[in-house]
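# Dropping a prediction and its sequence here:
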Amino acid sequence: METKSTSFLTFMLDGELFAIGVHKVLEIIETGADHSVTNLPKAPDTIEGVVNFRGNVIPIVNSRLKFDMATYGCDDKFVIMVLKLMLNNTEQIVGAMADKVVDVIEIDEKEIQPVPEVGKGLNSDFITGVLHRNNQFITLLDFEKAISSDEIIQLKTEDDTIEVEETETAENL
């Protein structure tokens with residue numbers, strides 16, 4: 001019996017290694033002087049702001065805040081993973097901040113372990129499994145479950161006239 005192998009993009013958040021299915025990733029944007037996030041007043045706490053992606057304004061989720069980690073400092077560098085997600089049965093393009101992208105790896109489904117039960121207080125609905133490879137744990141994430149469609153809908157209803165300066169984007173993966 002043959003097992004199924006899937007490609008995942010691995011990335012770092014606050015010293016921890018995470019992965020998302022590469023089929024969800026459209027592009028990686030390097031931030032800096034040429035690519036900056038525009039803050040939005042009254043946006044949900046986990047929404048860092050918006051960027052222009054190929055002529056469209058997309059929300060940027062602060063992944064560290066979303067996963068209850070230490071937030072980014074003013075001078076911290078990060079990348080934006082541009083993701084294509086299904087939220088409320090609608091395809092949405094959303095950016096997710098990461099400290100850095102590490103690699104694209106193949107994971108055999110038999111390598112994936114279930115999420116350990118650690119108590120009632122842990123919401124692990126967005127974690128699809130864990131993997132131990134090369135003396136590191138990799139947490140597999142489902143961003144469609146992690147990102148609340150309410151956050152994105154709230155952004156759309158707050159202000160439909162959001163303007164973001166035009167920026168170049170990094171090459172596709």
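Sure thing, it's come through. Nothing here was measured: the structure is a model prediction, and the numbers come from that model. Residues are numbered from 1 along each chain as shown.

# Okay, strands next: where are they in the chain?
Taking DSSP state E, the strands of the chain run over residues 5-13, 16-21, 25-30, 47-53, 56-61, 79-87, 90-98, 100-108, 127-133, 136-141.

# Reformat the ones you listed as TSV; add mean neighbour count and mean pLDDT.
All C-beta atoms are positioned from the backbone trio N, CA, C, and that covers glycine. Below are these laid out as TSV (neighbours: other Cβ atoms under 10 Å; pLDDT from 0 to 100):
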stretch	mean neighbour count	mean pLDDT
strand 5-13	19	94
strand 16-21	19	96
strand 25-30	19	94
strand 47-53	21	90
strand 56-61	21	92
strand 79-87	20	92
strand 90-98	19	92
strand 100-108	14	95
strand 127-133	16	91
strand 136-141	18	93
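
# Switch the ones you listed over to TSV; also include distance to V37.
Output for those, formatted as TSV (distance: least, Cβ to Cβ, whole Å):
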stretch	distance to V37
strand 5-13	17
strand 16-21	20
strand 25-30	10
strand 47-53	4
strand 56-61	5
strand 79-87	8
strand 90-98	8
strand 100-108	16
strand 127-133	26
strand 136-141	21
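
# most centrally placed residue in the protein?
A96 (3.3 Å; Cα atoms, centre = their mean).

# show me what contacts that residue?
Contacts of A96 were listed using Cβ atoms under 8 Å, 6 or more residues apart in numbering, and they are I60, V61, S63, I80, M81, L83, F143, I147.

# can you give me the offset of stretch 76-83 from its chain's centre?
Taking Cα atoms, centre = their mean, to the nearest Å, one finds the center of stretch 76-83 at 8 Å from the center of the full chain.

# Which pair of the contacts of A96 spans the longest distance?
Greatest spatial distance among the contacts of A96 (Cβ to Cβ): I80 and I147, at 13.7 Å.

# Test my guess that L87 contacts E144.
Yes. At 6.6 Å, L87 and E144 qualify as touching, with contact defined as Cβ atoms under 8 Å.
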